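**Q** Have a look at this prediction, sequence included:
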Amino acid sequence: MSTPLQHSHLSALEKLKKHRQLLSVDEYVTGILAHDRAILAQAITLIESTHPDHYLLGQEVVEACLAHSGKSLRIGITGVPGVGKSTFIEAFGIHVIEQQHKIAVLAIDPSSQRTGGSILGDKTRMEELSHHPSAFIRPTPSASTLGGVARKTRETIILCEAAGFDVIVIETVGVGQSETEVKSMVDFFLLLMLAGAGDELQGIKRGIMEMADTIAITKADSGNEQAAKTARQNYKNALHLFPANENGWIPQVEISSSLEKQGIEKIWEIAERYRNEMSVKGWFTENRRRQALSWMEQTINLQLQHRFHSNPKVQAELARIKEKVANGELGPFKAAELLLSIV
């Protein structure tokens, strides 16, 4: 039995440990595997840090968690502004939890340097989901490169899977190239669309539609049901014009109302059916394998760029050579050759 002095000493140690900025790799991994949300959040902050020591420690944590990851269904969700992503994700997340799953919602927004994305606002709007013990909502802060954001999001996925979350939702906040990045790290890609005034197929790139495994027409309520049905038919007709998917999957189009909780169950059923069918065909594993190799290639490129730009000799010559290129004294290719020869 501990004495009051011993108890006081233990409390002091616990407080010191609690307020210490960095844990050991074992402490991070043990906490994550024990589903400790606070330690999971700390580990994600670690991999998001630009500090070199944090980066190295974070990589060790990710590598240690890798063997405990990979068992989730990774779902990418994107949509035009005003489509109601937050409301949909909350309704979808609650339904998934009711099916005895644990869900992590992550956001990737490479387009917003100034605001850092809207997920912080989304977290307040997704009030019920954000307070649920089986849910975890986390922003991926904006970075100077798409690859940087993608790396952090991929590593966050691994940590969340190791922490027991078996459904991972990646929300794209930005519009544009971020969809391609998200597609490269998920199993199932869901595109949310609004039923407009006959122009549903306008304002969205064909490439994004081609990436979608399912399109959901949102806000099919408050007298908008007929417009939603018309939009669904338009999208179905449009999808028939696209080339067949390599995996043989025929993209689905559904109608949903997040407020009335209509269509949410059907969309989850489609996602599950997709996973089952792709698993039987071997595509699920093949897609993950391709993504892992792509991730490795991207990491090599990012590391080479980092080593190049952080090289003191390159830094010493870069401004001078840039000026020569800008003034037309030196060609871009020759300039690049000169700088690369320094490394």
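**A** Sure thing, it's come through.
**Q** Need the residue closest to the centroid of this structure.
**A** By C-alpha atoms, centre = their mean, the chain has its centre lying nearest to Ile170, at 3.8 Å.
**Q** What distance do you get for that one to Val314?
**A** Distance, Ile170 to Val314, by C-beta to C-beta, to the nearest Å: 35 Å. The way it works is simple: take the backbone N, C-alpha and C, and place the C-beta from them, glycine included.
**Q** What ranges does the chain have for its strands?
**A** Applying DSSP state E to the chain gives strands spanning 73-79, 103-108, 135-140, 167-172, 188-194, 214-218, 252-255.
**Q** Buried deepest among the ones you listed, which one?
**A** Mean neighbours per residue, mean count of other C-beta atoms under 10 Å, is largest over the strands of the chain for strand 103-108, with a mean of 28.
**Q** now for that one, which elements pack on it?
**A** Helices and strands touching strand 103-108, by 3 or more C-beta pairs under 8 Å, 6 or more residues apart in numbering; DSSP states H and E, are helix 85-98, strand 135-140, helix 146-162, strand 167-172, helix 178-183.
**Q** Ile300 is nearest to which of the ones you listed?
**A** Closest to Ile300 of the helices and strands packed on strand 103-108, according to C-beta to C-beta: helix 146-162, at 10.8 Å.
**Q** Distance of Pro133 relative to Asp221?
**A** From Pro133 to Asp221 the distance is 29 Å (C-beta to C-beta).
**Q** Would you format the helices and strands packed on strand 103-108 as JSON lines with mean pLDDT included?
**A** Below are these laid out as JSON lines (pLDDT from 0 to 100):
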{"stretch": "helix 85-98", "mean pLDDT": "94"}
{"stretch": "strand 135-140", "mean pLDDT": "87"}
{"stretch": "helix 146-162", "mean pLDDT": "82"}
{"stretch": "strand 167-172", "mean pLDDT": "93"}
{"stretch": "helix 178-183", "mean pLDDT": "82"}
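**Q** picking that back up, next, the contact list for the residue nearest to the centre of the chain, please.
**A** Arg74, Ile75, Gly76, Ile77, Leu106, Ala107, Ile108, Thr153, Ile157, Val182, Met185, Val186 (C-beta atoms under 8 Å, 6 or more residues apart in numbering).
**Q** Now the weakest link among the strands of the chain, please, by mean pLDDT.
**A** With a mean of 87, strand 135-140 has the lowest mean pLDDT of those.
**Q** tell me what that strand is packed against?
**A** helix 37-48, strand 103-108, helix 119-125, helix 127-130, helix 146-162.
**Q** Format the CA atom coordinates belonging to the second one as PDB.
**A** Spelled out, that is strand 103-108. Output of strand 103-108 as PDB, limited to C-alpha atoms (Å, rounded to 0.1, in the frame of the first residue of the first chain):
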ATOM      1  CA  ILE A 103     -15.500   5.800 -37.900                       C
ATOM      2  CA  ALA A 104     -12.700   8.400 -38.400                       C
ATOM      3  CA  VAL A 105     -13.400  11.500 -40.500                       C
ATOM      4  CA  LEU A 106     -10.300  13.200 -42.000                       C
ATOM      5  CA  ALA A 107     -10.200  16.200 -44.200                       C
ATOM      6  CA  ILE A 108      -7.700  17.100 -46.900                       C
END
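**Q** Pull the distance from it to the chain's centre.
**A** Centroid displacement of strand 103-108 relative to its chain, using C-alpha atoms, centre = their mean, to the nearest Å, is 6 Å.
**Q** ok, back up a step: just the helices and strands packed on strand 103-108: most buried one?
**A** For the helices and strands packed on strand 103-108, the largest average neighbour count (mean count of other C-beta under 10 Å) is found in strand 167-172, namely a mean of 25.
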